[in-house]
Every structure is written in structure tokens, then in C-alpha cells.
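# From the sequence below, what's the structure:
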Amino acid sequence: MSRQKDNKSFRDIKAIVLERIQSGTWAPDAILPSESALVTEFGSTRTTVNRALRELAEEGYLERKRKAGTRVLRAPVRHARFAIPLTRVEIEGTGARYRYALIGAEMRDMPDWLRARLDLRGAARAAHVRALHYADGKPFQYEDRWIVEASVPEVAEADFSDTGPNEWLIERIPVSNVELSFMATRADQTVAALMDAPLGEPIFTAERLTWLRGQPVTFARLHFAPGYRMTTRI
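Coordinates of the predicted model:
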């Protein structure tokens, strides 16, 4: 590998290492060159290289062990700053039986409102996936998700019959930024029918946008059954 320009800052080194991980130059489970080799390549100090690798380890991209070296972590362990929750795990954590049902999935041009929300110019395609998650046979969450084809090309051939789109994404791609919004919405005809809720019933709703290196990956609107309670531990 060719020598990089000298005097790289820890931010420069971090960006280069991250690009190599996400581009596949350093594949999952690959062992990185030694710190000494990276110091030579980047023309920086060991402290600078160490800080860049330490931050990437803290963000979930790398695993560092004495004598064993630094290893690229494999998804789904490799997440950037935010551990995306799995509905299946949340349901099973309560002791309830989990069931998943696909309502529909199609590749289509993004509607104008979504391109504006994701700040995309021009035409763009996405997978539109709708699914229900059940707890002990009762509707728990209605997932209405868009996955951007340009960011996740393999979604065009994905089969969501048995695996939910969120779980499918977590197994394949990390994220670097997440935007979350929580609100109360009134159940429209679709949500009311799917969630066994009265029309107009207040429904706890979450919207989640994720990005990878500044590129939008997915937008999801998640509707929860009446009475849902979110608990966060810090």
C-alpha cells in the first residue's frame, strides 16, 4: 500500500481507516497493520495513531487486544455511534412470543416528500417495505420503511418474507448518524386496521433516519400498539 502524505492528524487517520473499512479494503475480521506500520505510513506519532484507532474501537468498528492486534469487527457488532434496536429482541425480552409478517415490499421511485426529507436531488429509487411485528399474537409494531437503493444496492434483490427490513439492514451495513423523532399521531384507516386500534386513536409513533458517511440509508416510521411504553436506561 502506498505511503500517505506525512503529518496526518488523528482525524485524518481516523477518516482514512474508516474509509478502508467501509469500502472493504480491510474486510470484517481482517487484522490491521501494526501501530508502528501505521505511524510510518501516515508520518504521525504513535499517540496520534493510537487515538484514531481507539475512537474507532469506541464507535464499534474495531476490536483491540494486547498482543492480538487490532481487528475489523463484523456486523452487526460493528455499529458507529448508535445501537439500532431490534423489535424481535425487545418483544422476546418481555417474555412474549415474537412473530413477523410482511405486508408488502416493492422497488419504486421515491415520492417527493421523502426526497425532500432526505435532502436528495433528482430521481432516486428505494425499497418500500411494510411489515407487522406481533407479541403473543397481538400487533406490537407496524413498520413502514424506505431503504435507499444507492446506499444499499443489494436491497433491490432482497427478500423480506421471513426477516424484517430493520434486522436485514443491521446484518449488512453500519450507520454513522441517526435522527430520531417521537410523537403521538392519530391512527388513520391503515394503522387502525393493522393495529386493532379505533380510528383516530392516539398512537405512539417513532421516525428514524440513518446515514452512512453522509449518505441516507433508510427512513422508517414505526407505529406502536396502544398502551406501548418506551423505557430508556442511561
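# how far away is the residue most central in space within the chain from residue 217?
Nearest to the mean C-alpha position of the chain, counting by Cα atoms, centre = their mean, stands residue 175 at 4.5 Å. Counting by Cβ to Cβ, to the nearest Å, the gap between residue 175 and residue 217 amounts to 6 Å. (Glycine included, C-beta is placed from N, CA and C.)
# which neighbours do the two share?
Jointly contacting residue 175 and residue 217 under the rule Cβ atoms under 8 Å, 6 or more residues apart in numbering are 210, 211.
# just for the protein, where's the confidence low?
Low-confidence segments of the chain (pLDDT under 70): 1-6, 75-83, 176, 232-234.
# what do you get if the cut-off is 50, keeping everything else the same?
Along the chain, the model assigns pLDDT under 50 to residues 1-5, 76-81.
# Run through the helices of it in chain order.
Here the chain has its helices, by DSSP state H, at 10-23, 35-42, 46-58, 87-93, 112-117, 165-170, 189-195.
# With adjacent residues omitted, what lies nearest to the residue nearest to the centre of the chain?
Nearest residue to residue 175, sequence neighbours excluded (Cβ to Cβ, 6 or more residues apart in numbering): residue 210, at 4.2 Å.
# domains in this protein, as residue ranges please.
Residue ranges for each domain of the chain read 10-72, 87-224, as given by automatic domain parsing.
# Out of the ones you listed, the one nearest residue 230 is which?
Between residue 230 and these, the tightest spacing by Cβ to Cβ is seen for domain 87-224, at 7.3 Å.
# start to end distance for the closest one?
End-to-end distance for domain 87-224, by Cα to Cα, to the nearest Å: 11 Å.
# Report the distance from it to the chain centre.
The chain centre lies 11 Å from the centre of domain 87-224; the measure is Cα atoms, centre = their mean, to the nearest Å.
# go on, stretch 47-59?
Mean-position distance between stretch 47-59 and its chain equals 22 Å (Cα atoms, centre = their mean).
# who touches it?
8-11, 13-14, 17-18, 21, 32, 35, 38-39, 42, 62-64, 70, 79-81.
# Pull out the C-alpha coordinates of that stretch and format them as PDB.
Extracted as PDB, the C-alpha positions of stretch 47-59 are listed here (Å, rounded to 0.1, in the frame of the first residue of the first chain):
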ATOM      1  CA  THR A  47      -0.100   8.700  20.200                       C
ATOM      2  CA  THR A  48      -1.900  10.200  17.200                       C
ATOM      3  CA  VAL A  49      -2.400   6.800  15.500                       C
ATOM      4  CA  ASN A  50      -3.500   5.300  18.800                       C
ATOM      5  CA  ARG A  51      -6.100   7.900  19.400                       C
ATOM      6  CA  ALA A  52      -7.600   7.400  15.900                       C
ATOM      7  CA  LEU A  53      -7.800   3.600  16.400                       C
ATOM      8  CA  ARG A  54      -9.100   4.000  20.000                       C
ATOM      9  CA  GLU A  55     -12.000   6.200  18.800                       C
ATOM     10  CA  LEU A  56     -13.000   3.800  16.000                       C
ATOM     11  CA  ALA A  57     -12.900   1.000  18.600                       C
ATOM     12  CA  GLU A  58     -15.200   3.000  20.900                       C
ATOM     13  CA  GLU A  59     -17.600   3.600  18.000                       C
END
